[in-house]
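Asks: Next come a sequence and a model predicted from it.
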Amino acid sequence: MEAFLANPNLMALIGFFLGAIVGSFINVCAYRIPQNKSVIFPRSFCPLCEEPIPWVRNIPLFSWLFQQGLAHCCSYKIPSRYFWVELFTALGFAYLFYTGSSFSNLVFTLTGCLFVFLLISVIVIDMETMTIPDRFSIGGALLGLVLSFAFPSMHALENLGLLAHLSSFFESLMGLLLGSSLLYWIGAIASRVFDREALGEGDVKLLGCIGAFCGWKGAVFTIFGGAMIGCIFMIPMLLLSRLGSRKEDLERGDRKMEWGMEVPFGPFLAIAAILFWVGARFWVEEWFSEKLNPFLEFIGA
Ligand SMILES: [Zn+2]
């Protein structure tokens with residue numbers, strides 16, 4: 001078992017297959033949860049003709065590729081989203097399993113996989129419906145608290161006795177409360193300044209979940225990282241849509257994208273949180289300890 005877990009390539013392969021299956025499940029969740037349907041029953045069916053999909057035509061990644069995005073039962077065209085979600089989840093899991101084997105920390109790998117599952121689901125659902133279901137944000141926050149108490153290694157604490165469990169729980173609770181209240185206040189002030197709704201309640205709850213998994217430093221990183229990723233994505237898209245629109249279209253107000261249009265912030269927060277979990281955390285913690293320690297010494301002195 002030890003030798004098996006210590007082989008990073010083998011672990012990455014297992015992670016990839018597991019991730020592809022989980023990605024396929026995320027696609028089911030993203031389709032059914034916003035419609036308040038069960039994610040387990042009935043089994044997969046075609047959204048257009050409602051024909052059940054046999055398992056041989058429902059293999060993650062392969063089915064979409066071999067059928068070239070076409071359903072077998074009718075003229076339904078399967079969105080490429082199904083393929084990309086499966087691929088990104090598979091790659092994410094492969095990376096977590098690969099690094100997990102060198103950290104020899106299976107708990108860290110598995111909690112990471114759960115976190116990535118929650119976040120990719122949020123990205124897909126928020127992009128399609130502009131809402132984040134409570135079962136991911138509130139449910140994820142509770143899960144983060146419970147897992148933090150059970151596994152202090154999630155917050156880089158040695159698993160030594162009750163004190164480690166309580167410290168880990170406290171770190172998680174701080175992440176939840178500080179992260180969501182910071183984002184709440186940024187949103188409240190921005191709404192005042194721009195005189196329009198700047199952030200949704202769903203984003204605030206999502207950041208609570210992210211803080212519960214990543215701690216307060218992770219939550220702070222996610223807010224600023226998410227805003228930066230948002231700018232990096234949006235500015236070229238806005239410029240391109242301006243350049244691509246003709247003058248007459250612009251005069252009629254007929255633009256695909258414009259400043260002030262409604263863009264979900266949740267996906268950018270989720271991407272920043274994934275980056276924190278897969279490696280940015282080392283850099284962030286170092287940055288904070290470098291900046292915070294002189295300050296703590298200063299107020300201590
Ligand atoms: Zn069909």
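Replies: Thanks, I have it.
Asks: So Phe221: helix, strand or coil?
Replies: helix (DSSP: H, G, I helix; E, B strand; the rest coil).
Asks: typo on my end, Cys209
Replies: Per three-state DSSP, Cys209 ends up helix.
Asks: That one and Leu118 touch, don't they?
Replies: Yes: look at Cys209 against Leu118 with CB atoms under 8 Å: they come within range, at 6.9 Å. C-beta: built from backbone N, CA, C; applies to glycine.
Asks: Which parts of the stretch 51-200 of the chain are helices?
Replies: 62-66, 81-103, 106-129, 134-150, 161-194 (DSSP state H, counting those that start in this stretch).
Asks: can you list these in TSV and add mean pLDDT, distance to the ion and mean neighbour count?
Replies: What follows is the helices of the stretch 51-200 of the chain, written out as TSV (pLDDT from 0 to 100; distance: least, CB to the ion, whole Å; neighbours: other CB atoms under 10 Å):
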stretch	mean pLDDT	distance to the ion	mean neighbour count
helix 62-66	87	14	16
helix 81-103	88	14	20
helix 106-129	92	20	21
helix 134-150	95	28	19
helix 161-194	92	42	17
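Asks: Looking at those helices, which is nearest to Phe16?
Replies: helix 81-103 (4.0 Å; CB to CB).
Asks: Tell me the helices and strands packed up against the closest one.
Replies: helix 8-32, helix 62-66, helix 106-129 (3 or more CB pairs under 8 Å, 6 or more residues apart in numbering; DSSP states H and E).
Asks: what's that helix in contact with?
Replies: 5-9, 11-20, 22-24, 26-27, 30, 60-61, 64-65, 69, 106, 108-109, 112-113, 116-117, 120, 124, 274, 278-279 (CB atoms under 8 Å, 6 or more residues apart in numbering).
Asks: Pull out the buried residues from the host helix or strand of Ser289.
Replies: In the assignment (DSSP states H and E), Ser289 maps to helix 281-300. Residues of helix 281-300 classed as buried by neighbour count (16 or more other CB atoms under 10 Å): Arg281, Val284, Glu285.
Asks: Does it pack against any helices or strands, and if so which?
Replies: With contacts defined as 3+ CB pairs under 8 Å, 6+ apart, helix 281-300 has these neighbours: helix 201-244.
Asks: elements contacting the helix it packs on?
Replies: Taking 3+ CB pairs under 8 Å, 6+ apart as the contact cut, helix 201-244 packs with helix 106-129, helix 134-150, helix 161-194, helix 266-275, helix 281-300.
Asks: Mind checking the pLDDT average for the last one?
Replies: Per-residue confidence for helix 281-300 averages out to 83 on the pLDDT scale.
Asks: between that helix and helix 266-275, how many degrees?
Replies: 90 degrees (axes from the mean of the first three to the mean of the last three CA atoms, to 10 degrees).
Asks: returning to what we had before: CSV for the helices and strands packed on helix 201-244, including distance to Phe83?
Replies: As requested, the helices and strands packed on helix 201-244 are exported to CSV (distance: least, CB to CB, whole Å):
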stretch, distance to Phe83
helix 106-129, 13
helix 134-150, 22
helix 161-194, 32
helix 266-275, 18
helix 281-300, 30
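Asks: what does the helix holding Ser289 contact?
Replies: Ala156, Cys214, Lys217, Gly218, Phe221, Phe276.
Asks: Look up the closest residue to the residue nearest to the spatial centre of the chain, ignoring the ones flanking it.
Replies: Geometric centre of the chain, nearest residue: Leu119, 2.2 Å, by CA atoms, centre = their mean. Spatial nearest neighbour of Leu119, excluding adjacent residues (CB to CB, 6 or more residues apart in numbering): Ala270 at 4.1 Å.
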